[in-house]
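Colleague: Here's a sequence, model it:
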Amino acid sequence: MRFPFRLSADLFRAKVSSIFSAGAATPPICRVAPDEKALAYANQIPSPVIWLGGTEPLLNPQIGGVANSVVELNRHVFLHTSGHHLRQRIHEFRPNSRLFLTLEFSGREESHARRTGRPDSFRRSLEGIRAAKLCGFLVAAHFTVTTETDPCEIGELIETLDNQDVDGFIASTGGRPFGFHNRALSEKLSDTHRMIRCSRWEDFSRLLEASYAQSVPARGEENVTAAGEGVFEEGD
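Modeller: The predicted model follows:
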């Protein structure tokens, strides 16, 4: 598991630029709703990373073209999906070193099935990963951390997904507020970050977490639900 050099360099340039900027600093990660306005928003935003999520991207029949077009703007695109229908839609995307197909996991197979309400959800996600890797895509796994998250279970899941050649691991709360009464959540998030065992992916996870505090919900979708909170419900 390696962190892409180009992504690392672009994030570093964004950090340096924000230090010397006279105006408002540009966030390194900008979350954009995966709809028809996503390309227009990405065109307006200098952030090096565009996170397409908040609602299930594969519900949008045009999402392949949207993601490919944002990549052509020389942005790093993380398409956050349940992965349930990824294998059937994989042909709509073009492999690129700037595109990460990012699948949501709630835990090992039993936990994932219970959280998603689909007994076959874990298997379908693994099928999506295999299809993506065979087609030459980069694949990341995202874990939404709650107070019920077992970091040890996430550690075991990382081992399983590592055997599937997943390229990166990301953990965030999906925008849940910490506050005084959520110290346990903060501790769970820190414990989960340590399970990733790659300092740059840990740092990327913190940047994603910070993006929830720095901005309103994903641009283009004022009432978007936080990632991981039932946003991946799809029809069959």
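Colleague: and the residue nearest the centre of the chain, what pLDDT?
Modeller: For the chain, the residue nearest the mean C-alpha position is residue 80 (4.5 Å; Cα atoms, centre = their mean). Note for residue 80: predicted pLDDT of 97.
Colleague: cool, residue 118 as well?
Modeller: 87.
Colleague: cool, residue 227 as well?
Modeller: Residue 227 is given a pLDDT of 36.
Colleague: sorry, back to before: if I look at the residue nearest to the centre of the chain, how far off is residue 130?
Modeller: 19 Å (Cβ to Cβ, to the nearest Å). Every C-beta, even on glycine, is put in place using the N, C-alpha and C of the backbone.
Colleague: repeat for residue 97
Modeller: 20 Å.
Colleague: Same check on residue 71?
Modeller: 22 Å.
Colleague: same question, residue 161
Modeller: Distance from residue 161 to residue 130, by Cβ to Cβ: 11 Å.
Colleague: What of residue 158?
Modeller: Distance from residue 158 to residue 130, by Cβ to Cβ: 17 Å.
Colleague: Mind checking which of those two has more residues around it?
Modeller: The neighbour comparison of residue 158 against residue 130 (other Cβ atoms under 10 Å) goes to residue 158, with 22 against 14.
Colleague: Spell out the secondary structure type for that one.
Modeller: helix (DSSP: H, G, I helix; E, B strand; the rest coil).
Colleague: Does it touch residue 196 like I think?
Modeller: Yes - look at residue 158 against residue 196 with Cβ atoms under 8 Å: they come within range, at 6.9 Å.
Colleague: What helices and strands are in contact with the helix or strand bottoming out on mean pLDDT in the chain?
Modeller: The weakest-scoring helix or strand in the chain, judged by mean pLDDT, DSSP states H and E, is helix 109-116 (a mean of 87). Identification of packing neighbours for helix 109-116 by 3 or more Cβ pairs under 8 Å, 6 or more residues apart in numbering; DSSP states H and E yields helix 121-134.
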